[in-house]
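S.K.: Test case, fold it:
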Amino acid sequence: MGPLLHLDRTLDDLDPPRRPAPPSATTHLARKVRALRRVPLGELRPADLCTLVSQQVALPYVVPLAVRLLLEEPLIDAYFYEGDLLLATVGVPATVWALLPDLADQLRAVVSALPGSACAGLPRGAEDEITRFLAGGQRNSCTT
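M.R.: Numbers count the residues shown, from 1 in each chain. Below is the predicted model of the structure:
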């Protein structure tokens, strides 16, 4: 978990180049992502991590922080609904998980242990995302 050693640094510090000020016509989401890149990693809240993971921003630094939360509370309601951070995280590209194999294994173990009833409130398509993430691993009742 090397990226966790940098909790006092920002994504702009760790994932250059720094992004310039957005034009005035920039969307709220783009402005939010730019602002989050300037927050020290240790100060990012679950909602912030959900936004960054969903937007695939600096994933090698953000995913370990998200997984750390998910290991404690897999179905955390980070921003929109219970399980939103989990779905954003299991949906990151396989190339990111290849960089973080131990975290992927830890998260797979937690996801595999979820009871089907815990996943009932997840949105349509969640089962497919979870199935892709577990890919060949033990499936839980969320995906069966």
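S.K.: just the helices in the chain please.
M.R.: Taking DSSP state H as the criterion, the chain carries its helices at 11-14, 28-36, 46-54, 59-72, 84-90, 94-99, 101-112, 116-119, 126-134.
S.K.: Pick the most buried one from those.
M.R.: Highest mean neighbour count among the helices of the chain (mean count of other CB atoms under 10 Å): helix 84-90, with a mean of 25. C-beta: built from backbone N, CA, C; applies to glycine.
S.K.: For it, C-alpha coordinates in CSV please.
M.R.: The C-alpha trace of helix 84-90 is given here as CSV (Å, rounded to 0.1, in the frame of the first residue of the first chain):
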residue,chain,number,x,y,z
ASP,A,84,-21.9,3.3,-4.6
LEU,A,85,-18.2,3.4,-3.7
LEU,A,86,-18.0,-0.4,-4.0
LEU,A,87,-19.5,-0.3,-7.5
ALA,A,88,-17.2,2.5,-8.6
THR,A,89,-14.2,0.6,-7.3
VAL,A,90,-15.0,-2.8,-8.7
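S.K.: which residues are contacting it?
M.R.: 46, 49-50, 53-54, 63, 66-67, 69-70, 74-79, 107, 111, 122-123, 126, 129-130, 132-133 (CB atoms under 8 Å, 6 or more residues apart in numbering).
S.K.: just to revisit the earlier point, columns mean pLDDT and distance to Pro20 on top of the helices of the chain, output as a markdown table?
M.R.: Formatted as a markdown table, the helices of the chain follow (pLDDT from 0 to 100; distance: least, CB to CB, whole Å):
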| stretch | mean pLDDT | distance to Pro20 |
| --- | --- | --- |
| helix 11-14 | 94 | 11 |
| helix 28-36 | 93 | 9 |
| helix 46-54 | 98 | 19 |
| helix 59-72 | 97 | 20 |
| helix 84-90 | 96 | 26 |
| helix 94-99 | 93 | 26 |
| helix 101-112 | 95 | 32 |
| helix 116-119 | 77 | 41 |
| helix 126-134 | 88 | 33 |
